[in-house]
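1. next comes the sequence, and after it the predicted model I'd like to discuss.
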Amino acid sequence: MRAQSISPFYVMDILARARQLQAEGHDVVHLEVGEPDFDTPESVREAAKRAIDERRTFYTPATGLPQLREAIASYYQQQLSASVSSRRVVVTPGASGALQLALSVLVDPGQKVMMADPGYPCNRHFVRMLEGKTNSVNVGAGSEYQLTHELIEAHWDEQTVAVMIASPSNPTGTLIERDEMQRIIQTVSRLGGVLLVDEIYQGLVYGQDDFTAAEFSQDIFVINSFSKFFSMTGWRLGWLLVPEEYYDAVDRLAQNLFLAPPTVSQYAALEAFSEQNLQLLYSQRNKLEHRRDYLLQGLKALGFDIKVEPRGAFYIYADVSAFTNDSFEFCQQLLERAHVAITPGIDFGEYNASRYVRFAYTQNEEKLQLALDRIRLFLSSYEIK
């Protein structure tokens, strides 16, 4: 059965145990889930209240409110200097809805989607749900844990129909540079495939200018979300940029799979693009950059091997082989004994999974220091395995 081949999302088990420990009275530092401690901005919350008060709670078109699609297209032009037609914008129930729609119009049973290992775990499960196959490519620090155009060329086969990449990436926080992004787009096109670019951490890039793959091609799928940069995780709203030739098929699928994205969330999201709100979000990004620097320094001082420093998202991918040969057991023990929750590498694939863990720097510096202090004590008594 397909369902039996879907691996669990181990971080959710860690989160459940962490919450159980909290219910028992323990103080747990949460560095496991990709959800910063920032509230949804007040202006966005107020926009949602207005929508409810004005009874704007009925179904919208399957591909989203026209005015929200226009606002997203304008965001690309004004903030990223990318020309995107609103006709290509599809509003979705979270980025997961966007992934499901994109893969559903591309993958038939037996066909392959190439992606990096390590990578976001749900991607391969979406492919399996469609009775497709994952063409997983092992990536390491040498390519900053990213697929390159050379790797795509080397691992392409006749069953491969699409390639998925992510920049910034989960779990590593690494980026694909502009020139390499263009080379990847050209390579996948020449090989006869379709490229899907996961940009749900777009906006959370540190120390350099941000960009979107949509700047270089109108023939790729680009996935984004209101969850991360926009601090709207529980509102379950994302979007998908679709090549125009696929729009009708995506529209039909959206009608059947979702009927429509959440209405109140869409009206709230219209406020997310206001100049005042964007300035607040940029200030939050600066806070995340400081948190990254703080946690990086602390983890290195404790002996964690961080082979590539993250330049985006809010994750640090750390090699713990100096302490253990079983990162999952390491995470379990760290939670039980030190009450610090982090994510094991097994959540992100198979390649060197037992050597890696992911830290999410989603808490303030006081919490990060508390976590570092507890990890220091934990390591002093932890038996290397």
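-> Thanks, I have the structure now.
2. where does V33 land in three-state SS?
-> Under the three-state scheme (DSSP: H, G, I helix; E, B strand; the rest coil), V33 adopts coil.
3. list the contacts for it?
-> For V33, the residues meeting the contact criterion (Cβ atoms under 8 Å, 6 or more residues apart in numbering) are 11, 15, 360, 362. Every residue, glycine included, has its C-beta placed from N, CA and C.
4. just give me the neighbour total for the last one.
-> If you count neighbours by other Cβ atoms under 10 Å, T362 ends up with 20.
5. right, and it touches Y315 too?
-> No: with the criterion set as Cβ atoms under 8 Å, T362 and Y315 do not qualify as a contacting pair; they are 9.1 Å apart.
6. mind listing the shared neighbours of the two?
-> Overlap between the contact sets of T362 and Y315, as judged by Cβ under 8 Å, 6+ apart, is given by G34.
7. residues in contact with the helix or strand hosting R358?
-> Following DSSP states H and E, one finds R358 within strand 356-360. Strand 356-360 has contacts (Cβ under 8 Å, 6+ apart) with 30-35, 118, 171, 295, 299, 314-320, 327, 330-331, 342-345, 347-348.
8. immediately after it, which helix or strand?
-> With DSSP H and E, the next secondary element past strand 356-360 is helix 365-381.
9. tell me the mean pLDDT for the longest helix along the chain?
-> Scanning the chain for the helix with the most residues, using DSSP state H, yields helix 275-301. Averaged across helix 275-301, pLDDT comes to 98.
10. and if you look at stretch 348-364?
-> Computed over stretch 348-364, the mean pLDDT rounds to 96.
11. please put the alpha-carbon coordinates of that stretch into CSV.
-> The C-alpha coordinates for stretch 348-364 follow below in CSV (Å, rounded to 0.1, in the frame of the first residue of the first chain):
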residue,chain,number,x,y,z
PHE,A,348,15.4,14.8,5.7
GLY,A,349,16.5,11.7,3.8
GLU,A,350,19.0,8.8,4.1
TYR,A,351,22.3,10.2,3.0
ASN,A,352,24.5,10.5,6.2
ALA,A,353,21.3,11.0,8.1
SER,A,354,22.7,9.4,11.3
ARG,A,355,25.4,12.1,11.4
TYR,A,356,23.3,15.2,11.2
VAL,A,357,20.8,17.2,13.2
ARG,A,358,18.9,20.4,12.4
PHE,A,359,18.6,23.4,14.8
ALA,A,360,15.9,26.0,14.1
TYR,A,361,16.9,29.4,15.5
THR,A,362,13.3,30.4,16.0
GLN,A,363,13.6,31.5,19.6
ASN,A,364,15.1,34.7,21.1
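12. how about that stretch: buried residues?
-> Neighbour counts over stretch 348-364 (16 or more other Cβ atoms under 10 Å) mark 348-349, 351-363 as buried.
13. which ones among the contacts of strand 356-360 map onto helices?
-> When those are checked against helices using DSSP H, the ones located there are 295, 299, 327, 330-331.
14. what is the nearest of these to Q111?
-> Using Cβ to Cβ, S327 is the member of the ones in helices among the contacts of strand 356-360 that sits closest to Q111, with 32.3 Å.
15. contact partners for the closest one?
-> 320, 344-346, 353-357.
16. can I get those residues in JSON lines with distance to E42?
-> Rendered in JSON lines, the data for the contacts of S327 read as follows (distance: Cβ to Cβ, whole Å):
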{"residue": "V320", "distance to E42": "40"}
{"residue": "P344", "distance to E42": "36"}
{"residue": "G345", "distance to E42": "38"}
{"residue": "I346", "distance to E42": "39"}
{"residue": "A353", "distance to E42": "41"}
{"residue": "S354", "distance to E42": "44"}
{"residue": "R355", "distance to E42": "43"}
{"residue": "Y356", "distance to E42": "38"}
{"residue": "V357", "distance to E42": "35"}
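17. determine which two of these are furthest apart.
-> Among those, the pair separated by the greatest distance (Cβ to Cβ) is V320 and I346, at 12.4 Å.
18. and the worst-scoring helix or strand of the chain on mean pLDDT, how far out from the chain middle?
-> Taking mean pLDDT, DSSP states H and E as the measure, the helix or strand of the chain with the lowest value is helix 10-23, at a mean of 89. With Cα atoms, centre = their mean, to the nearest Å as the basis, the distance from the averaged C-alpha position of helix 10-23 to the chain average is 21 Å.
19. again, but for stretch 82-89
-> 22 Å.
20. got the contact list for it?
-> Residues from elsewhere that reach stretch 82-89, judged by Cβ under 8 Å, 6+ apart: 63-64, 66, 69-70, 72-73, 76-77, 211-212, 214-215, 218, 239-244, 247.
21. what subset of those residues is buried?
-> Neighbour counting over the contacts of stretch 82-89 (16+ other Cβ under 10 Å) leaves 63-64, 69, 72-73, 76, 211-212, 214-215, 239-243, 247 as the buried ones.
22. tell me which two in those residues are the farthest apart.
-> Of all pairs drawn from those, the one with the largest separation by Cβ to Cβ is T63 and F211; the distance is 25.1 Å.
23. noted, bye for now.
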